[in-house]
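Colleague: output the structure for:
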Amino acid sequence: MRCRRSWCGVQCPASVALGDGGCRQLAGVDFDELGISVCSVAGTNFAPYVTLLGERGLRLPVAVVTDGDPTDENTKRGETRIVELLTTVAQPAELAGQNAAQQLVMAADRGFFLGDHT
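Modeller: Just a heads-up that it's a prediction; the model follows:
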């Protein structure tokens, strides 16, 4: 067994299978070989994992992939989720004056990604 060097959180077990197996089949990338753990958080509360494993905790590289979860009002609950997650790793001064679109770009730079659909 290899020591894990980075962590990618996803919402459900199906996403684990798609992430690891899909990358191996489509791109020839083997997460096991690279030491990347793809883990389901069985929901949308990524903050405790990012806090424990990320730059304020064990300092492992982390990534999060979450659903967009579109609503009838033409918004995405996932955008709110990602922006809230960003506050667990960014300093308040970094976020000051940033609108939601700018914060989503900042979140992607930190490894937090949003899907277009559920």
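Colleague: in the protein, which residue is most central in space?
Modeller: The centre of the chain sits closest to residue 64, judged by C-alpha atoms, centre = their mean, with a distance of 0.9 Å.
Colleague: from what I can see residue 55 touches residue 89, true?
Modeller: Yes: contact criterion C-beta atoms under 8 Å: residue 55 and residue 89 qualify, at 6.0 Å. Any C-beta I mention is one placed from the backbone N, CA and C, and that applies to glycine too.
Colleague: who has more neighbours, these two?
Modeller: residue 89 (19 against 15; other C-beta atoms under 10 Å).
Colleague: could you check the pLDDT of that one?
Modeller: pLDDT recorded at residue 89 is 91.
Colleague: so what's it up against?
Modeller: Neighbouring residues of residue 89 by C-beta atoms under 8 Å, 6 or more residues apart in numbering: 50, 54-56, 110.
Colleague: now do the phi/psi pair for it.
Modeller: Backbone torsions for residue 89, taken as degrees, to the nearest 10, come to phi -120, psi -20.
Colleague: how many neighbouring residues does the nearest residue to residue 6 once chain neighbours are set aside have?
Modeller: Among residues not flanking residue 6 along the chain, residue 61 sits closest, at 4.1 Å (C-beta to C-beta, 6 or more residues apart in numbering). Look at residue 61: counted by other C-beta under 10 Å, it has 14 neighbours.
Colleague: my read: residue 61 touches residue 9, true?
Modeller: No: using C-beta under 8 Å, residue 61 is not in contact with residue 9; the gap is 12.0 Å.
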